[in-house]
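> Coordinates only, no sequence provided:
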């Protein structure tokens, strides 16, 4: 869960809540600190976090560097997933200016790893396994965008989607 009000509300891109859409190209096993070892099948995953501190969405750039193999410090649970060669960030959905990490994570399907990204809140997980059934209309990006749109406008923010490899603008 994100802490406090945080973020520069005067700058609409100063921070908010984000969800990384992560594509896992093949099965992989990750060791996630106290959560232990978990085997994940290939597919689409969504990790929801907050970027409300001084750097705002610069946190997303750190995640991108980890996914590219340019940063190897494992500080957050998601680092253990993004540090795998099989993982890449496809897109990032952002709720700009909004503190809604738990609400958005709760609007996504159940996570494959209990407690993932949720060590400081009461959520089951902030990592979701997404359905990729095009016949059922279950596009992973749409699922995440819908979860953000369900809470963001009521909280005075906006939702945007950026490429997974697009660095955040200089703040």
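In hand now; what should we look at? The model shown is predicted, which means the values in this text are computed figures rather than measured ones. Residues are numbered from 1 along each chain as shown.

> can we go C-alpha only for contacts and neighbour counts from here?
Noted.

> can you pull out the helices in the protein?
In chain order, the chain shows helices spanning 58-67, 77-82, 101-106, 140-149, with DSSP state H as the criterion.

> which one of those helices lies closest to residue 25?
Of all the helices of the chain, it is helix 77-82 that lies closest to residue 25, at 12.0 Å by C-alpha to C-alpha.

> Which residues does the closest one contact?
30-33, 47, 63, 66-67, 73-74, 87-89, 116-117 (C-alpha atoms under 8 Å, 6 or more residues apart in numbering).

> what's the answer for stretch 44-52, then?
Surrounding stretch 44-52, the residues in contact under the criterion C-alpha under 8 Å, 6+ apart are 1-2, 5-8, 14-24, 57-60, 78, 99-101, 104-105, 117, 126-132, 140, 144.

> Now which of these would you call buried?
Buried residues within the contacts of stretch 44-52, counting neighbours by 16 or more other C-alpha atoms under 10 Å: 1-2, 6-8, 14-24, 57-60, 78, 99-101, 104-105, 117, 126-131, 140, 144.

> Among the residues you listed, which are located in strands?
When DSSP state E is applied, these are split such that 16-24, 127-130 fall in strands.

> Same list, those residues, but as a markdown table with distance to residue 39 please.
Converted to a markdown table, those look like this (distance: C-alpha to C-alpha, whole Å):
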| residue | distance to residue 39 |
| --- | --- |
| 16 | 30 |
| 17 | 27 |
| 18 | 24 |
| 19 | 21 |
| 20 | 19 |
| 21 | 18 |
| 22 | 15 |
| 23 | 15 |
| 24 | 12 |
| 127 | 14 |
| 128 | 14 |
| 129 | 13 |
| 130 | 16 |
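
> what about residue 149, distance to residue 75?
As for residue 149, its distance to residue 75 is 29 Å (criterion: C-alpha to C-alpha, to the nearest Å).

> before we move on, the earlier item: out of the contacts of helix 77-82, which are buried?
For those, buried by 16+ other C-alpha under 10 Å: 30, 32, 47, 63, 66, 67, 87, 88, 89, 116, 117.

> Return the closest of those residues with respect to residue 162.
Where the buried ones among the contacts of helix 77-82 are concerned, and distances follow C-alpha to C-alpha, residue 162 has its nearest neighbour in residue 89, at 10.6 Å.
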